[in-house]
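Chemist: Structure, please.
(chains A, B, C and D)
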Protein chains: 2
Amino acid sequence: MTDTKTRILDTALALFNRFGERNVTTNHIAGELGISPGNLYYHYRNKAAIVSALFDRYQAHLLTLLTVPAGPLTWEDKMRYFEGILESMWEGRFLHRDLAHFLHQDPALRERYKRFVEDSLARGLEIYRRLRDSGLIEASDEELRALLVNTWVLAASWSGFTHGLNPDIADDETLDRRLLRQGIYQIICLEAPFLRGEALRHLDAMKREYRIDENALDRLFGADGLVHPE
Amino acid sequence: MTDTKTRILDTALALFNRFGERNVTTNHIAGELGISPGNLYYHYRNKAAIVSALFDRYQAHLLTLLTVPAGPLTWEDKMRYFEGILESMWEGRFLHRDLAHFLHQDPALRERYKRFVEDSLARGLEIYRRLRDSGLIEASDEELRALLVNTWVLAASWSGFTHGLNPDIADDETLDRRLLRQGIYQIICLEAPFLRGEALRHLDAMKREYRIDENALDRLFGADGLVHPE
DNA sequence: TGATTTTTAGAGTAATTACTCTAGAGGTCA
DNA sequence: TGACCTCTAGAGTAATTACTCTAAAAATCA
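Modeler: Down below sits the predicted model:
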């Protein structure tokens, strides 16, 4: 059995992602775990400390994934990157969803978050440059920077977007996975215009792999959007 | 003097955008207005009703802006569209920031929001098709749909992103405007690869117009990102 | 003017919820 | 065994805050 401290984090993360941090009380977390509130507060001095610890885990994990690799990059490396990073961001989606509040109430977190974003974007830029060196991407540094910011915002906000359209998502593990994959599709489309070589050759296959044909997104555009498929 | 009902909405909107809905109590709103809490509750039966009314205003305004125009479209029309829409979304940024919570606590709003997004995207698609007909854009329907979703998510999340990096933004009206413009720049970059004709010819000018040279975003990428400008 | 309706004030309440405090169980080491 | 430390329980508290209620002022109308 893992220790209580870790179990509190795991349970809190699951509940936060599912119901939103605002709707999950400390008593709720303790209850779900079958421990007393006092016990919970023995391990974390307050609710914000739990959020803070979760953020640390999240940040450490993501920065590990964003380590610039050694050898030359293939398009498969690139896809692995994407999938890992987006999955990891999806896992910490409650953080992005209520980010404003967390940063508002915790100045220390504010600073850490800022550095975290800067770090992530800097590493991302490095990786993109490597992809350019490998001939998989063609773009100026300015274009890369804009692309990166857009990718970051999209990845961070994707869960919020899908959650808004489908609030019951939390109850459906399968749908959850599908929407994550659709998010990857959206990001593929984001950088599609810049792909070259092998990456470009596999673009259609990748799009097909991640797009969901009969999903909520298609219905978004109404009948008109479906009547004239590409 | 506008009536109390409208003044409540205006004040609430300003406070919500500035401090986040979560941090603004009904007493706070009443206090800011110089009226009593009871008065406020005479006009709106609860806090959610205020949010709901603000959402109605927001939605109506945005859908008006998204009306498909009559004649053929020029690249200047396009820019006007962008600026109007993004400014309007910026004006209702608190809604997007705490969207998950609002939808969680108000099932009716949930439905309205869903229809609103569907409507907006459908109209957006129509407009993009018109731009394609006018020779300003070249993209398949599939690409347009992905582009639209990305644009929507980015526009809706942009304020959250900048707010996270710069929480003091609310106190600085000028910085506020600059970040909004930077958001427009990001969206221009999003669709840049699909531009043709006149739109393409003015792309660089538009980028220059909206990008902020010495801003927080540049610093995001650290020294390395600045050492090798495009 | 008087009657009726709309609007306002502001004290007060009920419920939520983050958090505290005391006491004790369970393990470890001498 | 006994001393000590880690961990746990759970009742209780303090503070916040959305919201209510009564009554009176202001406006409208006959």
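Chemist: tell me, what residue is most central in chain A?
Modeler: Ranked by distance to the mean C-alpha position of chain A (C-alpha atoms, centre = their mean), the top residue is A:Met89 at 2.1 Å.
Chemist: Return the residues in contact with that one.
Modeler: Each residue near A:Met89 by C-beta atoms under 8 Å, 6 or more residues apart in numbering or on different chains is listed here: A:62, A:96, A:155-156, A:158-159. From N, CA and C alone the C-beta is placed, and that goes for glycine too.
Chemist: Could you rerun that using 6 Å?
Modeler: Remark: with contacts taken as C-beta atoms under 6 Å, 6 or more residues apart in numbering or on different chains, A:Met89 is in contact with A:Ala155.
Chemist: Repeat that for the one 5 residues further on.
Modeler: For A:Phe94, the contacting residues are A:16-17, A:21, by C-beta under 6 Å, 6+ apart.
Chemist: ditto for A:Arg97
Modeler: A:Arg97 is in contact with A:160, B:100, counting by C-beta under 6 Å, 6+ apart.
Chemist: how near is it to DNA strand C?
Modeler: As judged by C-beta to the nearest atom of the strand, to the nearest Å, A:Arg97 and DNA strand C stand 16 Å apart.
Chemist: neighbours around the residue in chain A that DNA strand D sits nearest to, how many?
Modeler: Distances between chain A and DNA strand D by C-beta to the nearest atom of the strand are smallest at A:Gly38, namely 1.6 Å. By the measure other C-beta atoms under 10 Å in any protein chain shown, the count of residues near A:Gly38 is 8.
Chemist: who in chain A is up against DNA strand D?
Modeler: Taking C-beta under 7 Å from any atom of the strand as the measure of proximity, chain A contacts DNA strand D at A:3-4, A:34-39, A:41-43.
Chemist: With pLDDT and secondary structure as extra columns, can I get these in TSV?
Modeler: Formatted as TSV, the residues of chain A next to DNA strand D follow (pLDDT from 0 to 100; DSSP: H, G, I helix; E, B strand; the rest coil):
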residue	pLDDT	secondary structure
A:Asp3	90	coil
A:Thr4	91	helix
A:Gly34	94	coil
A:Ile35	94	coil
A:Ser36	94	coil
A:Pro37	95	helix
A:Gly38	93	helix
A:Asn39	95	helix
A:Tyr41	96	helix
A:Tyr42	96	helix
A:His43	96	helix
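Chemist: can you name the two of the residues you listed that are farthest apart?
Modeler: By the measure C-beta to C-beta, those have their two most distant members at A:Asp3 and A:Pro37, which lie 18.1 Å apart.
Chemist: Where does the record place the domain boundaries for chain A?
Modeler: In the assignment given by automatic domain parsing, the structural domains of chain A cover A:1-45, A:47-227.
Chemist: I'd like to know which elements the longest helix along chain A is packed against.
Modeler: What stands out as the longest helix in chain A, according to DSSP state H, is helix A:107-133. With contacts defined as 3 or more C-beta pairs under 6 Å, 6 or more residues apart in numbering or on different chains; DSSP states H and E, the secondary structure elements packing on helix A:107-133 are helix A:141-165.
Chemist: So for the helix it packs on, what gets flagged as buried?
Modeler: Buried residues in helix A:141-165, defined by neighbour count with 16 or more other C-beta atoms under 10 Å in any protein chain shown: A:141, A:143-165.
Chemist: quick check, that helix touching chain B?
Modeler: Yes - remark: helix A:141-165 sits within contact range of chain B at A:141-142, A:146, A:150, A:153-154, A:157, A:161, A:163-165, by C-beta under 6 Å from any C-beta of the partner chain.
Chemist: quick one: which of those residues is nearest A:Phe194?
Modeler: Each of the residues of helix A:141-165 next to chain B was scored against A:Phe194 by C-beta to C-beta, and A:Ala146 proved nearest at 10.8 Å.
Chemist: For the residue nearest to the closest one when sequence neighbours are not counted, grab the count of nearby residues.
Modeler: Distances taken as C-beta to C-beta, 6 or more residues apart in numbering or on different chains put B:Cys189 closest to A:Ala146, at 3.7 Å, once the chain neighbours are dropped. The burial count assigned to B:Cys189 is 21, neighbours taken as other C-beta under 10 Å.
Chemist: same question, A:Phe82
Modeler: Number of residues near A:Phe82 (other C-beta under 10 Å) recorded here: 19.
Chemist: Show me what secondary structure element comes after whichever strand or helix holds it.
Modeler: Using DSSP states H and E, the secondary-structure element containing A:Phe82 is helix A:75-91. Using DSSP H and E, the helix or strand that follows helix A:75-91 in sequence is helix A:93-97.
Chemist: and that following helix, average pLDDT?
Modeler: This predicted structure assigns helix A:93-97 an average pLDDT of 95.
Chemist: Likewise for stretch A:106-122?
Modeler: On average, the pLDDT along stretch A:106-122 is 94.
Chemist: Likewise for stretch A:58-69?
Modeler: In this model, stretch A:58-69 has a mean pLDDT of 92.
Chemist: can you check stretch A:8-28 too?
Modeler: Averaging the model's pLDDT scores along stretch A:8-28 yields 95.
Chemist: Tell me the span between the first and last residue of that stretch.
Modeler: Taking C-alpha to C-alpha, to the nearest Å, stretch A:8-28 runs 11 Å from one end to the other.
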